[in-house]
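Peer 1: need the 3D shape of this:
(chains A, B, C, D, E and F)
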There are 4 protein chains.
Amino acid sequence: MNNEPSRLDLKREKTRSTLVLAAKQLVFEREYQKISIQDITDKAQLGLGTFYNYFETKNDVYKAVLEELKAKFNQELDGIRAPLVDPATIISVTTQYCLREAQDNREWHEFLAFSGLKGEYILRQDEKQCRNDIEKGASSGRFKVQDVDFTTQLIIGMLNHVTREIAEKRLKRSAMAETTRHILRMLGIPDPVAKALTQAPLPPMAAPKKSSSDADSAFIHSASH
Amino acid sequence: MNNEPSRLDLKREKTRSTLVLAAKQLVFEREYQKISIQDITDKAQLGLGTFYNYFETKNDVYKAVLEELKAKFNQELDGIRAPLVDPATIISVTTQYCLREAQDNREWHEFLAFSGLKGEYILRQDEKQCRNDIEKGASSGRFKVQDVDFTTQLIIGMLNHVTREIAEKRLKRSAMAETTRHILRMLGIPDPVAKALTQAPLPPMAAPKKSSSDADSAFIHSASH
Amino acid sequence: MNNEPSRLDLKREKTRSTLVLAAKQLVFEREYQKISIQDITDKAQLGLGTFYNYFETKNDVYKAVLEELKAKFNQELDGIRAPLVDPATIISVTTQYCLREAQDNREWHEFLAFSGLKGEYILRQDEKQCRNDIEKGASSGRFKVQDVDFTTQLIIGMLNHVTREIAEKRLKRSAMAETTRHILRMLGIPDPVAKALTQAPLPPMAAPKKSSSDADSAFIHSASH
Amino acid sequence: MNNEPSRLDLKREKTRSTLVLAAKQLVFEREYQKISIQDITDKAQLGLGTFYNYFETKNDVYKAVLEELKAKFNQELDGIRAPLVDPATIISVTTQYCLREAQDNREWHEFLAFSGLKGEYILRQDEKQCRNDIEKGASSGRFKVQDVDFTTQLIIGMLNHVTREIAEKRLKRSAMAETTRHILRMLGIPDPVAKALTQAPLPPMAAPKKSSSDADSAFIHSASH
DNA sequence: GATGAATGAGTGTTCATTCAT
DNA sequence: TATGAATGAACACTCATTCAT
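Peer 2: Have a look, this model is predicted:
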């Protein structure tokens, strides 16, 4: 069995992403104006029929765009996590960042509303990454965890639920910090530490691509497209 | 000359708002799933044709819903402004609140994306209210303004522009505070005071209707619909 | 029994003709663009509902317009017949004029096509007038006719049929003269006379309102709107 | 570079003309009764949607029908011109024929009224043919023309205008002959000749397809479809 | 695999007609 | 009688999806 992608697979993948890209661009260029599959294939310079060699239905391409937005979100998250070392800090920052973005990421929510897929998707941390974070803390002794997998499941369920509840305004936004604090305690972090970690400032939302100087006085994005 | 609304006018107004309400409810209930005019008139218990006695096109009813969301926003703004007395504080709080909501109000942005009207609407303070705010500060001597109308126009233009630029990520979010500070200085407030006012904490976003106790520990909305 | 039209009847008649006039004007002004009943009542400065106090259906107003066109045609016919004295000439001129107009009157045919009433209406001489023409010729001894009514029926049937056949191009246009010649013979006119009468030149088609001088050199309508 | 129509092009063309034919037949069969696109595709034995692969709007198919009527008219014109040799006669006959048909062609005018396209279309000679006619007369020395193209433009403009003015009854029908006479003089034909040519009898209107014997006595179309 | 012609369910919109006031 | 709000059948048009080439 050969798992390397063949030349053909590569071509397939390229055509597919051409279509996804075209779809994404159209949606944002046209500011959420109605978009037809013809529009997408035109933009991708492909025949109309080709679309259906790659997607079963129109929604599928939107789902793929959502995957891209999720990937972008994960990249940003990685950027934020990169300098962090302490497992508890990692958990705290990640959790709060995810909870906040799940509520506030405009691109994500607008795209969901536009595509009509609202309700089926939540912006969340990659499950494996979450497990790894806990694992690391556990093995380094920082966390007191018996069954990493089980704890991971508990946390993930909790996060999903809280995310939804806040979105529905059945929980206040302050629940984001509180949830983080509870998770840290669940992992065996003493409450005072948990509270302190939770209150530390978060990195800015929807981080710009590469703003080297985000100093107080400089409120113009250095970006120059 | 009789300006009282006749019985017929009243009936018309009632039918119209029935339709707007039906539209709004459907959009939010169905979480942005596609909605037909038939859906709306069914929900409103009216004949399909009736819709077109009140709206020229489907988008028009969405525009009406946007007006309602704007009204709701203005009510919340009024609630925030109610306790304030100092004209400079009023300007500062109002400006920052509007700028922030224009970026972050999820209901608004999602609805815009869903309706395909994105780009045509900005969430902003009522123009007359803005003028009054400046007037009051001017007559009380707190502001140094020569021509109230002209100053109002300058500020409004500035706010519209900044709102758009932040949305397009050509300005950072910190521009919101900076803009406020500049406005205050424009109105003759000394910079140190302007800076201080600008940095005062803002009331929470998308304030819940009537949560009597928003204390730190209570992160569950008391609301129970 | 009082047959005078009451004031009310007069009013009714006036409103009705306002509607017919509005309809006719709209059709010709807008060059056969689609016209709604609302358009008509707007033009007539009446409420929409009022229309249905005077006409059962939309087609009815078009039928009324056709009646007006027919009336106009009859006026023109009368103008042509006025100077004629000889019963045979009257029959000849009238028949040929009617046959020709029935084929060529553009306003009539275009309106029919527009209204969708084509096929139900033929532009023809008033039946009573036709009978009178024959009567007169008969009593003056110019015609040899036994039963005026019966002869009238025969002729009318013939004319209707010929009109339709020419329209369908199953008969040539020359059938118009031939038909006239046959009718004259039927009325007892000797063929040479019939032929001569038939060949006399006809007055111009769709006579302009008031062209005093239709001389050869003057091909511009004196009308100056 | 392959300019041959591909098999697909051929198929497209066939489907398209099926639709045009269906539309034309329906209009004339039903005597200008309202016709829906569904009616057309049903008659063409095609799916409703197919219509819109060939026409952007319903009016477009009517425009195509008008093109067919125009083609038919041009064929008839060619039939009339075929036996003619003298350039001046050709111009005279063509001009008068076109002017007359533009006023009197019932099929054309009724179809225009029905389709609501009235005012946008005039029945006229092909521009290139007109230019050729002038060219031929010029090179044979019969016409005195300096710049063929320019003269062509002048004449075409004149004809368009006169056509419209006669239709609006601002010019009398006699203007048709007069216009022809002026055109001939413009081309350098001496007036007496021009006048004579202009007065020569015209071939019959809306010529039947192939009536070999159009003799006086035969007023029944030999045609038997 | 790539293509685009064919398709018809779905939807926005029009408008003749009804009817309560 | 005059009115115009209410209505739904009808229709133009869109577009996701299928399928033969």
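
Peer 1: next one: the closest residue to DNA strand E within chain A from chain D, what distance?
Peer 2: In chain A, the residue that lies nearest DNA strand E is A:Gly49 (1.9 Å; CB to the nearest atom of the strand). Every residue, glycine included, has its C-beta placed from N, CA and C. Note on A:Gly49: its distance to chain D, by CB to the nearest CB, to the nearest Å, is 13 Å.

Peer 1: for A:Arg124, same thing?
Peer 2: 42 Å.

Peer 1: what do you get for A:Leu10?
Peer 2: 31 Å.

Peer 1: the strand or helix carrying that residue vs DNA strand F: in contact?
Peer 2: Take DSSP states H and E as the rule and A:Leu10 turns out to sit in helix A:7-29. No: under the criterion of CB under 7 Å from any atom of the strand, helix A:7-29 makes no contact with DNA strand F; the nearest approach is 11.0 Å.

Peer 1: how about that helix as PDB, C-alpha atoms only?
Peer 2: Taking Å, rounded to 0.1, in the frame of the first residue of the first chain, the C-alpha atoms of helix A:7-29 are listed here in PDB:
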ATOM      1  CA  ARG A   7       0.500  13.000  -9.300                       C
ATOM      2  CA  LEU A   8      -3.100  12.700  -9.900                       C
ATOM      3  CA  ASP A   9      -4.100  13.100  -6.300                       C
ATOM      4  CA  LEU A  10      -2.000  16.300  -6.300                       C
ATOM      5  CA  LYS A  11      -3.800  17.600  -9.300                       C
ATOM      6  CA  ARG A  12      -7.100  16.800  -7.800                       C
ATOM      7  CA  GLU A  13      -6.200  18.500  -4.600                       C
ATOM      8  CA  LYS A  14      -5.100  21.600  -6.600                       C
ATOM      9  CA  THR A  15      -8.300  21.900  -8.500                       C
ATOM     10  CA  ARG A  16     -10.300  21.400  -5.400                       C
ATOM     11  CA  SER A  17      -8.500  24.200  -3.500                       C
ATOM     12  CA  THR A  18      -8.900  26.400  -6.600                       C
ATOM     13  CA  LEU A  19     -12.600  26.000  -6.200                       C
ATOM     14  CA  VAL A  20     -12.500  26.600  -2.400                       C
ATOM     15  CA  LEU A  21     -10.400  29.700  -2.900                       C
ATOM     16  CA  ALA A  22     -12.700  31.000  -5.600                       C
ATOM     17  CA  ALA A  23     -15.700  30.500  -3.300                       C
ATOM     18  CA  LYS A  24     -14.100  32.200  -0.400                       C
ATOM     19  CA  GLN A  25     -12.900  35.200  -2.400                       C
ATOM     20  CA  LEU A  26     -16.300  35.700  -4.000                       C
ATOM     21  CA  VAL A  27     -18.100  35.700  -0.700                       C
ATOM     22  CA  PHE A  28     -15.800  38.300   0.800                       C
ATOM     23  CA  GLU A  29     -15.400  40.400  -2.300                       C
END
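
Peer 1: show me what it is packed against.
Peer 2: helix A:37-43, helix A:51-54, helix A:58-81 (3 or more CB pairs under 8 Å, 6 or more residues apart in numbering or on different chains; DSSP states H and E).

Peer 1: so how far is A:His161 from the closest residue to A:Glu165 other than its chain neighbours?
Peer 2: Among residues not flanking A:Glu165 along the chain, A:Leu171 sits closest, at 4.2 Å (CB to CB, 6 or more residues apart in numbering or on different chains). Distance, A:Leu171 to A:His161, by CB to CB, to the nearest Å: 9 Å.

Peer 1: not counting its own residues, what contacts the worst-scoring helix or strand of chain A on mean pLDDT?
Peer 2: None of the helices or strands of chain A scores lower by mean pLDDT, DSSP states H and E than helix A:7-29, at a mean of 91. Residues from elsewhere that reach helix A:7-29 (CB atoms under 8 Å, 6 or more residues apart in numbering or on different chains): A:5, A:35, A:39-41, A:43-44, A:46, A:50-51, A:53-55, A:61-62, A:64-65, A:68, A:111, A:114.

Peer 1: out of these, which end up buried?
Peer 2: A:35, A:39-41, A:43-44, A:46, A:50-51, A:54-55, A:61-62, A:64-65, A:111, A:114 (16 or more other CB atoms under 10 Å in any protein chain shown).

Peer 1: name the helix or strand for A:Glu56, please.
Peer 2: Here A:Glu56 is assigned to no helix or strand, by DSSP H and E.

Peer 1: burial check on it, number of neighbours?
Peer 2: 8 (other CB atoms under 10 Å in any protein chain shown).

Peer 1: A:Thr94 too?
Peer 2: Neighbours around A:Thr94, by other CB under 10 Å: 19.

Peer 1: can stretch A:146-160 be found next to chain B?
Peer 2: No: judged by CB under 8 Å from any CB of the partner chain, stretch A:146-160 and chain B are separated, with a smallest distance of 14.0 Å.

Peer 1: residue contacts, A:Gly141?
Peer 2: With contacts defined as CB under 8 Å, 6+ apart, A:Gly141 has no neighbours.

Peer 1: at 10 Å what do you get?
Peer 2: A:Pro87, A:Gly188 (CB atoms under 10 Å, 6 or more residues apart in numbering or on different chains).

Peer 1: can you classify it by secondary structure?
Peer 2: Three-state call for A:Gly141 (DSSP: H, G, I helix; E, B strand; the rest coil): coil.

Peer 1: with C:Gly188 as the reference, measure out to it.
Peer 2: Distance, A:Gly141 to C:Gly188, by CB to CB: 133 Å.

Peer 1: likewise A:Glu110?
Peer 2: From A:Glu110 to C:Gly188 the distance is 92 Å (CB to CB).

Peer 1: these two: which has the busier surroundings?
Peer 2: The neighbour comparison of A:Glu110 against C:Gly188 (other CB under 10 Å) goes to A:Glu110, with 22 against 15.

Peer 1: the more buried one should be in a helix, yeah?
Peer 2: Yes: counting by three-state DSSP, A:Glu110 is found in a helix.

Peer 1: that one is in contact with B:Ala113, isn't it?
Peer 2: Yes: using CB atoms under 10 Å, A:Glu110 makes contact with B:Ala113 at a distance of 3.7 Å.

Peer 1: joint contacts of these two?
Peer 2: Going by CB under 10 Å, 6+ apart, residues that sit against A:Glu110 and also against B:Ala113 are A:Val27, A:Glu31, A:Tyr32.

Peer 1: need the buried ones from those residues selected in PyMOL.
Peer 2: In PyMOL syntax, the buried subset of the shared contacts of A:Glu110 and B:Ala113 is picked out as below (16+ other CB under 10 Å):
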select buried, chain A and resi 27+32
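
Peer 1: between the shared contacts of A:Glu110 and B:Ala113, which is closest to B:Ile134?
Peer 2: A:Glu31 (32.4 Å; CB to CB).

Peer 1: my guess is the closest one meets B:Gly116, correct?
Peer 2: Yes: A:Glu31 lies in contact with B:Gly116 (CB under 10 Å); the separation is 8.0 Å.

Peer 1: and A:Val27, how far from A:Lys58?
Peer 2: A:Val27 is 12 Å from A:Lys58, by CB to CB.

Peer 1: now do A:Lys34
Peer 2: Per CB to CB, A:Lys34 is found 11 Å from A:Lys58.

Peer 1: when those two are compared, which one has more neighbours?
Peer 2: Between A:Lys34 and A:Lys58, A:Lys58 has the larger neighbour count (other CB under 10 Å), namely 16 against 8.
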